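S.K.: Predicted structure and sequence below. I'll ask about it afterward.
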Amino acid sequence: MRALPARPDIGHLKKQAKALLRLYRNGDPAAINRFATSLPAASKKSPDEILALRLRLHDAQSCLAREYGFPSWGDLAVHVAAAAFGREQEGDPMRSWLALVYGGDVTGSYNTPKAHVAVHLWNAHPDRLSGELAVACATGDVELIAEAVAVSSEWINQPLGPFKLPPLVAVTHSRLAALPNFQPRLRAAVQRLLQAGADPNQRIFNRFPPASLDAPDETVPLSALYGAAGVNRDPVLTQMLLDAGADPNDGESLYHSLERPDCTLVLLRHGARIDGTNALRRALDMKEATALELLLAHGADPNEAPGQGPTKTWGAPLLRAIAIRCSTRHIEALLAAGADPRACTADGVSAYRLALRVGLVDVADLLKAAGAAETLSPKDEFIAACSRGDLTAALQLQQRHPELPAALAESELRLLPDAAAWGATEAVMTMVQCGWPLSAKGGDWNATALNHALIRGDANLTRFLLTHGANWRDEHGFGSDALGTLSWASVNEPADTIAEPDWAACAGALVQSGLPTAVPDSDSPECLIIDGRSLRFSEEVMEVLLGKGLA
């Protein structure tokens, strides 16, 4: 086993992993043997078989971590962070630690919370964090909270620490709640603070950029209840705050609780209003229909008028559910609650025609049973064939109607990016092969199919679209293009992607399609300059864009 230096540096370790990967790709026998010895995926394989694996940077990092005695690169990185934290003499160690505990809406940064790293540092260096009330609230240290209350209770409704968090907000927004050992501690801390007289409606305002800690967005209040129900989605904490008098209609909690329906139920039982929250349409984004059924059972209007943005595009909730390809159970719940099966979009497209346009034959059958069937025009038949991925039928219709797809309206052409946004790959490929314009924009952020493929880490679809002429410069609704999309996705790794997202392979597809040369940004080591712009990418994507990664 290799020994780490006395002052390990993560940057130096990253260079070691990159050097190992270069040697491996050059066929170096010693490098290949290191993978065979330390990387489980290469164990018991011949050198040729190991080369055939086309190992990547994350494999080299994993190998290096195991050589140093750590089960993963993440564990090695945590160890290095702990060592650096212990040596830190300048700055504000408590602020640095709390930044690992809270998300950007609290800290006013783009950094994501890292609960496991925070706990490791807390255990490794208790002397650097002990005695601070801000830390006690973040960790659920009931003993310290009780001692402080015994001395004076004035602080329990005042902002604490470098992020100016009222105590209940500090407790309920702590991402340590995701760790089983901390959940009971944090619950106990909330109970003790409430007993001492803490206001259950404590709140801050959103600091996430472009807002900041010093200039928060006061149109977005973030209450202690929102932390319990919408951030950590803990039904027990939610119940405690509501029982103490927290306002269930704080503008955020219900909407953000829906991923945990038992949290939603607690809010509804305490009088949370559904109208005006957009919660019903948010429930349509859930893979399971439980949250939708719960809202409908508590009086949600299945025909509520749309708000602004993407909710307005399709109109009634039933139409939105069809457009984003919800399950038949979602549709059945809406119909059972009284959704109008004959609802039409602003462009006059009925629910039945829309279901066929997006390839949902089962949903069309449900609407037909509800008396909403219609005779399709040749154009609708063509769209329906494309959307269900039936290339043969689509081409036959195109032969009889050569004006298609050129004759389609903008609202119809957007079905291509919509299909990409919701993972209907066969539909996308069929549409493209039938000549749909790749510059069409749709989905909830008004983007091309290429941008939607990139955000999902779908390398196969990315390659297909680029091969068929997709333009990486096409801008999306947030004012950037495919490079900006790849930058954000590779760094943030959004959860709603394909089963095995591969942003490095997406980057490789862009490079092979003629992307301008990337060079390191001398002013920012985490960024590359491409096409005159400085952009941040994940390490593995940076390797590819610099020509050092995927072949």
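M.R.: Noted; the coordinates are in hand. Worth saying up front: this structure is predicted, and the values here are computed from it rather than measured.

S.K.: How about Gly140: what's its closest non-neighbour residue?
M.R.: Arg185 (3.0 Å; CB to CB, 6 or more residues apart in numbering). (C-beta placed from N, C-alpha, C; glycine too.)

S.K.: For Ala336, give its distance to Ala355.
M.R.: Distance of Ala336 to Ala355, given as CB to CB, to the nearest Å: 17 Å.

S.K.: quick one: which of these two has more around it?
M.R.: Ala355 (28 against 11; other CB atoms under 10 Å).

S.K.: dump the residue contacts of the more buried one.
M.R.: For Ala355, the contact set (CB atoms under 8 Å, 6 or more residues apart in numbering) comprises 322, 361, 363-364, 367.

S.K.: Widest-spaced pair of those?
M.R.: Ile322 and Val361 (11.9 Å; CB to CB).

S.K.: okay, the two: which has more neighbours?
M.R.: Counted by other CB under 10 Å, Ile322 and Val361 do not tie: Ile322 has more neighbours, with 30 against 11.

S.K.: my read: that one touches Val363, true?
M.R.: Yes. Applying CB atoms under 8 Å as the test, Ile322 and Val363 come out as touching, 6.1 Å apart.

S.K.: For the two, list the residues in contact with both.
M.R.: Both Ile322 and Val363 are in contact with 331, 355, where contact means CB under 8 Å, 6+ apart.

S.K.: What pLDDT does the model give the residue nearest to Gly435 when sequence neighbours are not counted?
M.R.: Of all residues not flanking Gly435 in the chain, Pro405 sits nearest, at 5.6 Å (CB to CB, 6+ apart). Looking at Pro405, its pLDDT reads 96.

S.K.: how about Pro405, secondary structure?
M.R.: coil (DSSP: H, G, I helix; E, B strand; the rest coil).

S.K.: Same list (the contacts of Ala355) but as JSON lines, adding pLDDT.
M.R.: JSON lines is the format used below for these (pLDDT from 0 to 100):
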{"residue": "Ile322", "pLDDT": "95"}
{"residue": "Val361", "pLDDT": "93"}
{"residue": "Val363", "pLDDT": "96"}
{"residue": "Ala364", "pLDDT": "95"}
{"residue": "Leu367", "pLDDT": "96"}
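
S.K.: Name the residues of the helix or strand harbouring Leu465 that come out as buried.
M.R.: Counting by DSSP states H and E, the element that carries Leu465 is helix 459-467. The neighbour-count check on helix 459-467 (16 or more other CB atoms under 10 Å) flags 459, 461-466 as buried.

S.K.: One more: stretch 423-436?
M.R.: 423-425, 427-432, 434, 436.

S.K.: Show me the strands in the stretch 101-250 of the chain, by range?
M.R.: Ranges of strands within the stretch 101-250 of the chain are 203-206, 217-223, based on DSSP state E, counting those that start in this stretch.

S.K.: which regions of the stretch 201-350 of the chain lie under the pLDDT threshold?
M.R.: Within the stretch 201-350 of the chain, the ranges that satisfy pLDDT under 70 run 307-313.

S.K.: And the helices in it, which stretches?
M.R.: Here the stretch 201-350 of the chain has its helices, by DSSP state H, counting those that start in this stretch, at 224-226, 235-243, 253-257, 261-269, 279-283, 290-297, 310-314, 317-323, 328-336.

S.K.: can you tell which of those is closest to Pro180?
M.R.: Closest among the helices of the stretch 201-350 of the chain, using CB to CB: helix 235-243, at 13.3 Å.

S.K.: Ala118: what's it in contact with?
M.R.: With contact set as CB under 8 Å, 6+ apart, Ala118 has these partners: 97, 100-101, 175-176.

S.K.: Now the nearest residue to Phe464 once chain neighbours are set aside: which helix or strand?
M.R.: With CB to CB, 6+ apart as the criterion, Phe464 has its nearest non-adjacent residue at 6.2 Å, and that residue is Met429. In the assignment (DSSP H and E), Met429 maps to helix 425-433.

S.K.: where does the protein dip in pLDDT?
M.R.: Scanning the chain for pLDDT under 70 picks out 86, 88-91, 307-313, 549-551.

S.K.: got the domain boundaries for the protein?
M.R.: Per automatic domain parsing, the structural domains of the chain span 10-81, 91-273, 281-375, 379-545.

S.K.: What is the burial count for the nearest residue to Met240 once chain neighbours are set aside?
M.R.: Among residues not flanking Met240 along the chain, Val190 sits closest, at 5.6 Å (CB to CB, 6+ apart). For Val190, the neighbour count with other CB under 10 Å is 28.

S.K.: Next up, the contacts around Arg342.
M.R.: Taking CB under 8 Å, 6+ apart, we find Arg342 in contact with 350-351, 371-372.

S.K.: Name only those of these that count as buried.
M.R.: For these, a burial check counting by 16+ other CB under 10 Å picks out 350-351, 372.

S.K.: which ones are touching the residue positioned nearest the centre of the chain?
M.R.: The centroid of the chain falls nearest to Pro494 when counting by CA atoms, centre = their mean (3.1 Å). By CB under 8 Å, 6+ apart, the residues touching Pro494 are 455-456.

S.K.: now with 6 Å?
M.R.: For Pro494, the contact set (CB atoms under 6 Å, 6 or more residues apart in numbering) is empty.

S.K.: how close does Phe464 get to Cys506?
M.R.: For Phe464 relative to Cys506 (CB to CB), the value is 12 Å.

S.K.: and what of Ala150?
M.R.: Using CB to CB, Ala150 is found at 57 Å from Cys506.

S.K.: same question, Leu450
M.R.: Using CB to CB, we find Leu450 at a distance of 10 Å from Cys506.

S.K.: One more: Gly140?
M.R.: According to CB to CB, Gly140 stands 41 Å off from Cys506.

S.K.: With neighbour numbers in mind, choose between those two.
M.R.: A count of neighbours by other CB under 10 Å puts Cys506 above the other of Gly140 and Cys506, at 30 against 23.

S.K.: helix or strand for that one, which one?
M.R.: helix 503-512.

S.K.: next structured bit after that helix?
M.R.: Moving toward the C-terminus from helix 503-512, the next helix or strand (DSSP H and E) is strand 518-520.

S.K.: which other helices and strands contact that following strand?
M.R.: On a contact count with 3 or more CB pairs under 6 Å, 6 or more residues apart in numbering; DSSP states H and E, strand 518-520 meets strand 527-530.

S.K.: Distance from the chain centre to the next helix or strand after the strand it packs on, please.
M.R.: Per DSSP H and E, the first helix or strand lying C-terminal to strand 527-530 is strand 533-536. Computed by CA atoms, centre = their mean, to the nearest Å, the separation of strand 533-536 from the middle of its chain amounts to 21 Å.

S.K.: Which helix or strand lies directly C-terminal to strand 533-536?
M.R.: Using DSSP H and E, the helix or strand that follows strand 533-536 in sequence is helix 539-545.

S.K.: Residues touching that next one, excluding its own?
M.R.: 57, 490, 503-504, 507-508, 518, 528, 549-550.

S.K.: any idea which of those is closest to Trp155?
M.R.: Comparing the contacts of helix 539-545 against Trp155 with CB to CB places Ser490 closest, at 42.3 Å.

S.K.: Could you count how many residues lie near that closest one?
M.R.: 25.

S.K.: Equivalent analysis for Lys44, please.
M.R.: 7.

S.K.: State whether it is indeed within a helix.
M.R.: No. Per three-state DSSP, Lys44 lies outside any helix segment and is coil.

S.K.: and it, how far is that from Ala372?
M.R.: Distance of Lys44 to Ala372, given as CB to CB: 60 Å.
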